[in-house]
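Q: whatever this is, show me its structure:
(chains A and B)
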Amino acid sequence: MPLDLVTNVLIAGVLTGLVYGLMALGLSVIFGVVRVVNFAHGEMMTIAMYAAVLLFAQWQLDPFLAILPVAAVFFVLGYLLQVWMINPFITRPEYSQFMLLVAVAIIMVNALLMVFGPSARNVQVEYQLESFALGPILFDKARVYSGAAAVAVSALLFAFFKFSRSGKAIRACADNYLGAKVVGLDVKHLYGLTFGLGSACVAVAGCLMVLLVDVTPLLGPGYTLLAFVIVIVGGLGSMGGALLGGVLIGVSEAMAGLFITPSAKSMVSFALLILVLLFRPQGLLGRRT
Amino acid sequence: MNRRAQTLLALLALALLVLPAFASNYVMSVATLILFFAFTGQAWNVMMGFAGQLSLGHSLYVGVGAYTAAGLFFHYGLGPWAGLWLAILLCVLLGAAIGFLAFRFGISGVYFALLTIAFAEFTRIGFDHIDWLGGPGGLFIKVAQRDQIDLLNFRGPPAMYYYAMLALAAGALALCAWLLRSRAGYYWQAIREDEEAAQALGINTFRWKMLAVILSAAMTAVSGVFFAFYYNNLFPEQIFHISRSIEIILGPIIGGIGTLFGPILGAAVLTLLADGITELMSAFGIEIPGVKQVFYGIVLLVVIMFLPNGIWPTLARRLGIARQR
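A: Okay, the predicted model is just below:
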């Protein structure tokens, strides 16, 4: 197999993986703080993708510009979802929380199916067909921009958690729920904020993803599983782990598509997941609890 | 069980036994489907409801069971009675492998659930690449004459499938009732409520959790074999899909996790609801994909939010047949 082909596929895998990573980052942040596994994560991603597609179809809005409004709306919706629906479930058993979000996910997928039908949609912008060339190695412009945007948004989120007051308060909640309550933090509000931020991450990832793939309503469950695989490989609750996991899965998918067969690509991811669960259940960058 | 409960149960059994004499083929197919989900839900309930191990990948056992029996029949003409044992054996081995790996490495809760999904998805994609079993194009079993009963090859009219499923569902109910009162049942409930405390009392939690997984896998394998010979076509994309796993667990969750009648009630409610919606939509001439599932989702959401223990415990109290506390 020619080396430059492998290199090209590898680079495409890394760049797509960064967008995957941003999507998974949302899941990881939510789990790390609220301790609820968002089973509707991929479904939220597809809704964001449809939002970007609609904005493009209606006003020719470039998906990169769509990021702002879509993320803002998702932040608010995520906040409300947490405060109204998930907060009352915090003290319920794990499977109960799981099933709540499964129900939300089922409604989301099929509502999309009802509204948009099963056919695929996409956006077409000029830079999707262009690429930067570095000798024989090509970088798709759309992928490069998306990957860069994913890194930038992740960096913003890191900075928020590291430096801002709210970010520190959220980390305090994650570290010690009772302690956070004792010192007077409004935990329910902070949980809402966290879910909102996680949703905004998904929204951005969705806007970026429409540049790379066509969207159908049935993508949702697949993305949910993909996000699970990524955060578990990287370490549930670890932010750096989510990005690393995303890149790892992006590359392994690309390589499996090249060397085995494209239809088997997620098999490699699931095999990776099983191995990580068994031998390093806290994930590559996670801490053992 | 008090006197009233016994009477109600006897009446229900009688009604189910004579149903084929009155019901149309359509009603029979709905009833068979209800019993199928009741049985499979009961199987899942052994693992989750009794022992507290959440599996979100039960489609794995349905699929492996179905493909084993169907593959043997398709290639070698071997009837389901032989295939059944191999299907059970394979699923027991699979369940044992997953359980062994998970419990040895101390994986529980969310992580365990994700592990079961991962195995089911892995297998789904794997089966897409097994040409011997039809790959993504599916495996089809020849449909013989419908009006003759051929028990050896499990071919026959709807009533035969109905009675077979009724026997299975009744058998599963009896088995579960017995299990709950056996040593295993009490150990499982102890593990479900507090695994560390159970261990401290000297219960070998590993062994009893393994038993729950193996038993559940074996029962689900049987429902897989039934599925193969009832529907006569199998696609990896459908039978192993995570939405199939979720369909299996909706019944027990809506009916009441860990109860004996929850899976049965839940299966009936869901199947009737789904069919009612389909009928209603075709009556109004609406053909939009996804409407049925949205209703499914809403029902699940409402039950989870407002009846966290499921419908059965509440209903049992209303009927006056709940155990006194």
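Q: going forward, measure contacts and count neighbours with C-alpha atoms only.
A: Fine.
Q: so where's the stretch 51-200 of chain B shaky on pLDDT?
A: Across the stretch 51-200 of chain B, residues meeting the criterion (pLDDT under 70) sit at B:144-147.
Q: hey, where'd the helices end up in it?
A: All helices of the stretch 51-200 of chain B, identified by DSSP state H, counting those that start in this stretch, fall at B:59-76, B:80-104, B:109-128, B:158-181, B:183-193, B:195-200.
Q: and what of the stretch 51-200 of chain A?
A: A:63-80, A:94-116, A:141-163, A:165-175, A:177-182, A:187-209.
Q: comparing the helices of the stretch 51-200 of chain B, which stretch has the densest surroundings?
A: Highest mean neighbour count of the helices of the stretch 51-200 of chain B: helix B:59-76, a mean of 25 (counted as mean count of other Cα atoms under 10 Å in any protein chain shown).
Q: which strands or helices does it pack on?
A: Applying 3 or more Cα pairs under 8 Å, 6 or more residues apart in numbering or on different chains; DSSP states H and E, we find helix B:59-76 packed against helix B:80-104, helix B:109-128, strand B:139-140, helix B:205-231, helix B:236-239, helix B:242-255.
Q: rerun that using 7 Å as the cut-off
A: Secondary-structure packing of helix B:59-76 (3 or more Cα pairs under 7 Å, 6 or more residues apart in numbering or on different chains; DSSP states H and E): helix B:80-104, helix B:205-231, helix B:242-255.
Q: reformat the helices of the stretch 51-200 of chain B as a markdown table; add distance to A:L284.
A: What follows is the helices of the stretch 51-200 of chain B, written out as a markdown table (distance: least, Cα to Cα, whole Å):
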| stretch | distance to A:L284 |
| --- | --- |
| helix B:59-76 | 27 |
| helix B:80-104 | 18 |
| helix B:109-128 | 15 |
| helix B:158-181 | 41 |
| helix B:183-193 | 30 |
| helix B:195-200 | 27 |
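Q: I'd like to know how many residues surround residue 79.
A: Using chain A. 24 (other Cα atoms under 10 Å in any protein chain shown).
Q: oops, I was thinking of chain B
A: 19.
Q: what's the answer for A:I30, then?
A: Counted with other Cα under 10 Å, A:I30 comes out at 26.
Q: then A:F75?
A: Using other Cα under 10 Å, A:F75 has 24 neighbouring residues.
Q: same check on B:F154?
A: 17.
Q: hey, which of the helices of the stretch 51-200 of chain A is tucked in deepest?
A: Greatest average neighbour count among these goes to helix A:187-209 (a mean of 27), per mean count of other Cα under 10 Å.
Q: next, the angle helix A:63-80 makes with it.
A: 160 degrees (axes from the mean of the first three to the mean of the last three Cα atoms, to 10 degrees).
Q: helix A:187-209 - contacts with which helices or strands?
A: Helices and strands touching helix A:187-209, by 3+ Cα pairs under 7 Å, 6+ apart, are helix A:3-34, helix A:41-59, helix A:63-80.
Q: quick one, the longest one and helix A:187-209 angle?
A: It stands for helix A:3-34. On the basis of the same axes, to 10 degrees, helix A:3-34 is oriented at 160 degrees to helix A:187-209.
Q: likewise the second one?
A: Going by the same axes, to 10 degrees, helix A:41-59 is angled at 60 degrees with respect to helix A:187-209.
Q: what does the last one give?
A: Taking the same axes, to 10 degrees, one finds helix A:63-80 and helix A:187-209 inclined to each other by 160 degrees.
Q: elements contacting helix A:63-80?
A: By 3+ Cα pairs under 7 Å, 6+ apart, helix A:63-80 packs against helix A:41-59, helix A:187-209.
Q: the ones you listed: which one's closest to A:N110?
A: helix A:41-59 (9.8 Å; Cα to Cα).
Q: just send the helices of the stretch 51-200 of chain A back as CSV, with distance to B:F226 and mean pLDDT too.
A: Output for the helices of the stretch 51-200 of chain A, formatted as CSV (distance: least, Cα to Cα, whole Å; pLDDT from 0 to 100):
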stretch, distance to B:F226, mean pLDDT
helix A:63-80, 43, 94
helix A:94-116, 27, 89
helix A:141-163, 48, 91
helix A:165-175, 47, 88
helix A:177-182, 49, 86
helix A:187-209, 41, 93
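Q: helices or strands up against the helix or strand hosting A:A254?
A: Element membership of A:A254, judged by DSSP states H and E, is helix A:239-259. When contacts are defined as 3+ Cα pairs under 7 Å, 6+ apart, helix A:239-259 packs onto helix A:3-34, helix A:219-234, helix A:265-279.
Q: so for the shortest one, mean pLDDT?
A: When pLDDT is averaged along helix A:265-279, the result is 82.
Q: contact partners of it?
A: The contact list for helix A:265-279 (Cα atoms under 7 Å, 6 or more residues apart in numbering or on different chains) reads A:229, A:233, A:249, A:252-253, A:256-257, A:283, B:101, B:105, B:115, B:118, B:122, B:125.
Q: now A:F161. Nearest residue, chain neighbours left out?
A: Closest residue to A:F161 apart from its sequence neighbours, by Cα to Cα, 6 or more residues apart in numbering or on different chains: A:G167 at 4.0 Å.
Q: and the one you found, how close does it get to A:V144?
A: 29 Å (Cα to Cα, to the nearest Å).
Q: next, count neighbours for A:F139.
A: Quick note: A:F139 (other Cα under 10 Å) scores 17 neighbours.
Q: residue numbers of chain B in contact with chain A?
A: For chain B, the contact set with chain A under Cα under 7 Å from any Cα of the partner chain comprises B:101, B:105, B:115, B:118, B:122, B:125, B:288-291, B:293-294, B:297-298, B:300-301, B:304.
Q: out of those, which are buried?
A: Listed as buried from the residues of chain B next to chain A are B:101, B:115, B:118, B:122, B:125, B:289-291, B:293-294, B:297, B:300-301, B:304; burial here means 16 or more other Cα atoms under 10 Å in any protein chain shown.
Q: want to throw those residues into TSV with distance to B:L166?
A: TSV is the format used below for these (distance: Cα to Cα, whole Å):
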residue	distance to B:L166
B:L101	35
B:L115	32
B:A118	32
B:F122	32
B:I125	33
B:P289	31
B:G290	30
B:V291	30
B:Q293	27
B:V294	29
B:G297	28
B:L300	26
B:L301	29
B:I304	28
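Q: what is the burial count for the residue nearest to A:V37 when sequence neighbours are not counted?
A: Spatial nearest neighbour of A:V37, excluding adjacent residues (Cα to Cα, 6+ apart): A:F31 at 5.6 Å. As a burial measure, A:F31 scores 21 neighbours (other Cα under 10 Å).
Q: isn't A:F31 up against A:H41?
A: No. Assessed by Cα atoms under 7 Å, A:F31 is found out of contact with A:H41, at 11.3 Å.
Q: contact partners for the residue lying closest to B:A43 once chain neighbours are set aside?
A: Ranked by Cα to Cα, 6+ apart and with sequence neighbours excluded, the top spatial neighbour of B:A43 is B:S216, at 4.9 Å. For B:S216, the contact set (Cα under 7 Å, 6+ apart) comprises B:A43, B:W44, B:V46, B:M47.
Q: and the pLDDT for the first one?
A: So that's B:A43. We have a pLDDT of 95 for B:A43.
Q: one more: the last one?
A: Looking at B:M47, its pLDDT reads 93.
Q: ok so B:I321 is a strand residue?
A: No. B:I321: not assigned to a strand; according to DSSP: H, G, I helix; E, B strand; the rest coil it is coil.
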